[in-house]
Every structure is written in structure tokens, then in C-alpha cells.
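Asks: The sequence isn't on hand, but the structure is:
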Ligand code: ADP
Ligand code: MN
Ligand code: MN
Ligand code: MN
């Protein structure tokens, strides 16, 4: 009989942006066989996470997905959603909004942009009290002083893959100290879960590098790019049938819901979606082929494959909740797809 360490991970109740929380417990291998079925429910003090009051503080951690912990010989990360003491869905539990069967029909690829900060609140690579050379050389760069903290980024990449997270790629970004990783899954719930766990692993590793994983959508004002969470999505019809008329009608169908999307696309996004720095204005909805100044970009992959492929919603901010994004996009597609089919005839 051996010990297995289970690190539970959940989202707290802070507003407008929840934080990740974690605590670990040991189980015995006789009781646990590496499946969700044998992963015990657990609890926590919700009065310390803005999820309960002190006089009735217990919340339930319900395991929803297991990941291998690549940092331990016998360890797992247990992604959980939160329930109230009587076993009902907690109001902060946005994951529960998603219909699993519907989400299975969607492929999602999230591009998580972020900035690594020093303890003085400046991006790594920025000189104390000043600024580096203007933007230009840093995107997809190589070489000392063109990129910073690659050791952390690469370690994160490797560990995500070992954990079973669908890390699809990485690149350095337009501002110095800014990076991106992409998370992809065939299944929207899986993609959103994997994004949360990729964030969790970056928070964890950043502790060893004395760098702060910063998801503020506009951490440095002025002529410096903000951070987004471009959300790429597709489903059978878009990938297999598509067509220019259909795709354009589908995008047009997103227009009336612009405000509903922005409402769940992250806090502080108004400082990022200005119309410059590869964004569209927060007040306007637009779409276009290969257009990085549009709300929705129709990627070259799609236009060059007879308009079959995927779409990129560029509006979500780096700090957005992926469950809310998935839920909103699925809702809009449901309506817009039906209208687009009628329009195409
Ligand atoms: P860019 O920086 O040019 O916008 P990236 O390569 O960073 O593009 O991100 C593209 C994302 O789109 C990746 O996460 C990729 O996995 C995802 N993707 C590719 N094909 C599809 C598809 N058919 N459905 C959903 N997402 C997709
Ligand atoms: Mn990208
Ligand atoms: Mn990017
Ligand atoms: Mn993108």
C-alpha cells in the first residue's frame, strides 16, 4: 500500500476575476486507482474564498477531471467544481453552465497571452524605472534581451504535456516579457479545463522563478500590446461544409450579441479593445478574412480551404473565464447557424 498525493484545484468566488486555489491530501493506493470514480469528494472553508459565510462555511469540492502531476512520482492534480454544502451547484461554478453533450460537438483552441512581471510590477526585461526599445523585435523572437524567461516557458510547456494538458504551441509576444501558449482540444469542456490547468501550472512554476504570472489585459499603458485570450472554435458543419456565404452569414449573426459577448469576455477589457494594437474597438463588432483588427478573424486556413475550418474570436481578454466564453459562443452559434443555413438556402 502506497501513498498518493492529490492536489485539488478550484476557482474561488472573487469578483470580477476569480483566483485559482489549491490544497492537497493523501490517499492510499488501495482506495484510489487513478480514476475519477475513486477520487474522493472533499471540502474547504468557503468563507476564506468569497464562497460562503463564516457561520455556514463548508463548500464541496467535486472532482471533474484528473491530470497527472509531473512534479511527483505518485501524484495527481484534481480539477474540481464547487458545490454548496447540500450538493447543489455553487453560484460561482461557471463550468456547470455548460451542456457536456453540446460541448462535445465543438473544438476549441485558446491562445493565452500573459506577461511575466518582476516583484516591482514591471515586465521582466524592462529596465528599472524605464522602458526597453519599442515593440517590433520581440514577437516570436530569439536571443538574449529579445526574449526573457524562456526557461520557465519551456518548463511549463513540457510539464503541461506530461500532465496531459492539450498544450498546442507557444510563442513570445509583441511586448517584451509577454508570452502566449495555445491550448487545444476536440471538445470545448476539455479545452476549457485544460486552459485552467495550464494557468494553474504556470502559477505554480512561476513561484520558483520569482516571476508573477500576470493576466491583466492591459498591464502597461501606452504603445504596448495588451493580452488577450483569442478563442478559436469549430464544429462539424463549419469544418466539413462551410462555404464563404455560410461563414459570412454566421459571423454576421454574431453582431446582435456583441454586448452579451463582451459582458463575459473578461475584466478590464475596455482598456485593451481600443482599435489599435491588433484589436477592434470594444464598441464595434466587425469580422474579416485575415483581419487582426476585427472582432472575429476568419483565418487564412479557413479561406484557403474553400472556407471550411475555424473562426477566431479575438475579443476575449487574457483574464476571461473560458467556461463563460464557451457557453456564450455555443449559444450564439446555435442561433446564428440556423439563420445562416436559411440565408444560404
Ligand atoms: P494566431 O496567433 O495566428 O492567431 P495561433 O497558432 O496562435 O494563431 O492559434 C491558433 C489556434 O487555433 C491554436 O490553438 C489551434 O489549436 C487552434 N485551431 C486550429 N484549428 C482549429 C479548429 N479546427 N478548431 C478550433 N481551433 C483550432
Ligand atoms: Mn497566437
Ligand atoms: Mn498572440
Ligand atoms: Mn490569435
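Replies: On my side now, so go ahead. Since the structure is predicted, the reported quantities are computational estimates derived from the model, not experimental observations. Ligands and ions are numbered 1, 2, ... in the order given.
Asks: Just the buried residues of stretch 6-22, please?
Replies: Going by neighbour count (16 or more other C-beta atoms under 10 Å), the buried part of stretch 6-22 is 6-13, 17-18, 21. C-betas here are computed from N, CA, C, even on glycine.
Asks: Retrieve the pLDDT associated with the closest residue to residue 268 other than its chain neighbours.
Replies: Spatial nearest neighbour of residue 268, excluding adjacent residues (C-beta to C-beta, 6 or more residues apart in numbering): residue 217 at 4.9 Å. Predicted confidence (pLDDT) at residue 217: the value is 98.
Asks: cool, and the one 5 residues further on?
Replies: With respect to pLDDT, residue 222 scores 93.
Asks: Quick one: residues contacting the residue nearest to residue 268.
Replies: Residues near residue 217 by C-beta atoms under 8 Å, 6 or more residues apart in numbering: 226-228, 266-269, 271-272, 317-319.
Asks: Around ligand 4, pick out the residues from the stretch 201-345 of the chain.
Replies: residue 230 (C-beta under 5 Å from the ion).
Asks: now the strands for the stretch 201-345 of the chain?
Replies: 212-214, 229-235, 287-289, 296-298, 311-313 (DSSP state E, counting those that start in this stretch).
Asks: In TSV, list these along with mean pLDDT.
Replies: Putting the strands of the stretch 201-345 of the chain into TSV (pLDDT from 0 to 100) gives the following:
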stretch	mean pLDDT
strand 212-214	98
strand 229-235	98
strand 287-289	97
strand 296-298	98
strand 311-313	98
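Asks: Pick out the residue in the stretch 101-250 of the chain sitting closest to ligand 1.
Replies: When scored by C-beta to the nearest ligand atom, the stretch 101-250 of the chain has residue 109 as its residue closest to ligand 1, at 2.5 Å.
Asks: Surely that residue is in contact with residue 191?
Replies: Yes. Here residue 109 reaches residue 191: they are 7.1 Å apart, a contact under C-beta atoms under 8 Å.
Asks: Specify which residue of the two has the higher count of neighbours.
Replies: The neighbour comparison of residue 109 against residue 191 (other C-beta atoms under 10 Å) goes to residue 191, with 26 against 20.
Asks: Break the protein down into its structural domains.
Replies: 3-97, 100-343 (automatic domain parsing).
Asks: Now do the first one: distance from first to last residue.
Replies: By C-alpha to C-alpha, to the nearest Å, the extent of domain 3-97 from end to end equals 35 Å.
Asks: how much distance is there from it to the middle of the chain?
Replies: 19 Å (C-alpha atoms, centre = their mean, to the nearest Å).
Asks: Same check on stretch 334-345?
Replies: Worked out by C-alpha atoms, centre = their mean, stretch 334-345 lies 28 Å from the chain centre.
Asks: residues in contact with that stretch?
Replies: Contacts of stretch 334-345 (C-beta under 8 Å, 6+ apart): 237, 243, 245-246, 249-250, 252-254, 257.
Asks: all helices of the protein, in order?
Replies: Shown for the chain, the helices assigned by DSSP state H span residues 100-103, 150-163, 188-209, 236-240, 244-252, 258-263, 300-303, 322-344.
Asks: related to what we said a few turns ago, the strands of the stretch 201-345 of the chain into CSV, with extra columns for mean neighbour count and distance to residue 177?
Replies: Shown next, in CSV, are these (neighbours: other C-beta atoms under 10 Å; distance: least, C-beta to C-beta, whole Å):
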stretch, mean neighbour count, distance to residue 177
strand 212-214, 19, 9
strand 229-235, 22, 18
strand 287-289, 18, 30
strand 296-298, 23, 25
strand 311-313, 22, 24
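Asks: want to try TSV for those strands, with distance to ligand 1 as columns?
Replies: Formatted as TSV, those follow (distance: least, C-beta to the nearest ligand atom, whole Å):
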stretch	distance to ligand 1
strand 212-214	19
strand 229-235	3
strand 287-289	13
strand 296-298	7
strand 311-313	6
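Asks: which residues does the residue of the chain found nearest ligand 4 bridge with?
Replies: Per C-beta to the ion, residue 230 is where the chain lies closest to ligand 4, at 3.6 Å. Counting by DSSP bridges, residue 230 forms beta bridges with residue 111.
Asks: Over to the one 4 residues further on?
Replies: According to DSSP bridges, the partner residues bridging residue 234 are residue 107.
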